[in-house]
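Enquirer: Compute the structure for the input listed below.
(4 chains)
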Number of protein chains: 2
Amino acid sequence: MSTPQETDTDFGWALFAVVRRYRHRTDELVADLPGGPRGYQVLLGSQQIGPKSQLALAHYLGLDRTVLTYLIDDLAAAGLVERRPDPADRRVRRVELTARGSTVLAETRRRLRGVEDDLLAPLTPAQRESLRTLLHLVATSEDTAG
Amino acid sequence: MSTPQETDTDFGWALFAVVRRYRHRTDELVADLPGGPRGYQVLLGSQQIGPKSQLALAHYLGLDRTVLTYLIDDLAAAGLVERRPDPADRRVRRVELTARGSTVLAETRRRLRGVEDDLLAPLTPAQRESLRTLLHLVATSEDTAG
DNA sequence: TATTGTTATACTCTATAACTATA
DNA sequence: TATAGTTATAGAGTATAACAATA
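Expert: Model prediction:
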């Protein structure tokens, strides 16, 4: 009772609480996409790293390459991405967004942005900016642990 | 190209990136607990809300009550929690931490705290405090969306 | 009739290994 | 021999419904 350290490990707790609410509200927004939330992540990742190999994309997304095969199968069948052979290495399939994939991604991002705004509504604009920046810092900093 | 909104929806991306790293480093710390990460969450939730019904605990944790049954089965078998009948309502089983459960929880929290410190090491102490506070605000604010 | 907790079933997701083709 | 991608299999996790006990 005299040690107010209750909230010390609440970072992990708060992290998962926020994720739970985020997913709860965004699941329906990406439900129409092949692969749902992970399908969206593949589209976003493809745009972010450009036309790389599936393996590179899998590493970037933290997914297993076997999972990525299924996801890309479905996204390609829906015409959102294309597998293009790499002229320099015929084993490699470069994953590229199609024009339609870009459109769908942009539209989905726009709707997700609405949910984010909603979720962060309790914060002031300055606080929102701070939270985005700090979280981005933690997300992109080098991994220091073995 | 002229609209620098690339990072607008990166809140969601950063959120999941941080969670992925957090889980990757903490999974082994809770692997010994019955139920793994979710077992830990049950222990922490039990302490946080006190001896409530399983249904109340399930709601608090965002878990399904059927999942909670299995988790509590395993935690109880390991002597970390106890199901106690509620004298006021014989349908209800109050979930309480045992002395050993409290010890295990405290020790696990201590180790998780080490991982958090590691993860947040790129930030200054002031930034860490800010991030914890802001995330906690978002996590605990009232749900405004239907 | 509604609620708490348990059990049973099926569905999804994930992890592992084996396979093909290229290097 | 090693790597990129695919396929097949089994395991874990999850959701749904049905059930028993109590309110």
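Enquirer: biggest strand in chain A by residues?
Expert: Secondary structure assigned by DSSP state E gives strand A:89-97 as the longest strand of chain A.
Enquirer: From the chain's centroid, how far away is that one?
Expert: 21 Å (CA atoms, centre = their mean, to the nearest Å).
Enquirer: pull the CA atoms of that strand into PDB?
Expert: Provided in PDB are the C-alpha atoms of strand A:89-97 (Å, rounded to 0.1, in the frame of the first residue of the first chain):
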ATOM      1  CA  ASP A  89      16.800 -14.400 -59.600                       C
ATOM      2  CA  ARG A  90      14.100 -16.600 -61.000                       C
ATOM      3  CA  ARG A  91      13.300 -18.100 -57.600                       C
ATOM      4  CA  VAL A  92      12.000 -14.800 -56.400                       C
ATOM      5  CA  ARG A  93       8.500 -13.500 -56.800                       C
ATOM      6  CA  ARG A  94       8.300  -9.800 -56.300                       C
ATOM      7  CA  VAL A  95       5.100  -8.700 -54.700                       C
ATOM      8  CA  GLU A  96       3.600  -5.500 -56.100                       C
ATOM      9  CA  LEU A  97       0.400  -3.700 -55.500                       C
END
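Enquirer: list the buried ones in the next helix or strand after that strand?
Expert: Remark: after strand A:89-97, the chain's next helix or strand is helix A:99-119, criterion DSSP states H and E. The neighbour-count check on helix A:99-119 (16 or more other CB atoms under 10 Å in any protein chain shown) flags A:101, A:102, A:104, A:105, A:108, A:109, A:112, A:115, A:116, A:119 as buried. Where C-beta positions appear, they are placed from N, C-alpha and C, glycine not excepted.
Enquirer: Ok, stretch A:18-32 next?
Expert: So for stretch A:18-32, counting by 16+ other CB under 10 Å, buried means A:18, A:19, A:21, A:22, A:25, A:26, A:29, A:30.
Enquirer: do the same with stretch A:49-68
Expert: Those would be A:51, A:52, A:53, A:54, A:56, A:57, A:58, A:61, A:63, A:68, for stretch A:49-68 by 16+ other CB under 10 Å.
Enquirer: And what about the fifth one, helix, strand or coil?
Expert: Remark: residue A:56 carries the secondary structure label helix [criterion: DSSP: H, G, I helix; E, B strand; the rest coil].
Enquirer: which residues does the residue nearest to it when sequence neighbours are not counted contact?
Expert: Residue nearest to residue A:56 in three dimensions, not counting chain neighbours: residue A:49, with 6.8 Å by CB to CB, 6 or more residues apart in numbering or on different chains. Each residue near residue A:49 by CB atoms under 8 Å, 6 or more residues apart in numbering or on different chains is listed here: A:56, A:57, A:60.
Enquirer: same question, residue A:123
Expert: A:131, B:134, B:137, B:138.
Enquirer: what's the closest of those to DNA strand C?
Expert: Closest approach to DNA strand C among these (CB to the nearest atom of the strand): residue B:138, at 23.9 Å.
Enquirer: For residue B:70, see how far away that closest one is.
Expert: 30 Å (CB to CB, to the nearest Å).
Enquirer: Hmm, residue A:112 is touching residue B:10, no?
Expert: No. Contact criterion CB atoms under 8 Å: residue A:112 and residue B:10 do not qualify, at 10.5 Å.
Enquirer: And the residue nearest in space to the middle of chain A, how far from residue B:106?
Expert: Closest to where the C-alpha atoms of chain A average out (CA atoms, centre = their mean) is residue A:41, at 4.0 Å. From residue A:41 over to residue B:106 the distance is 36 Å, taken as CB to CB.
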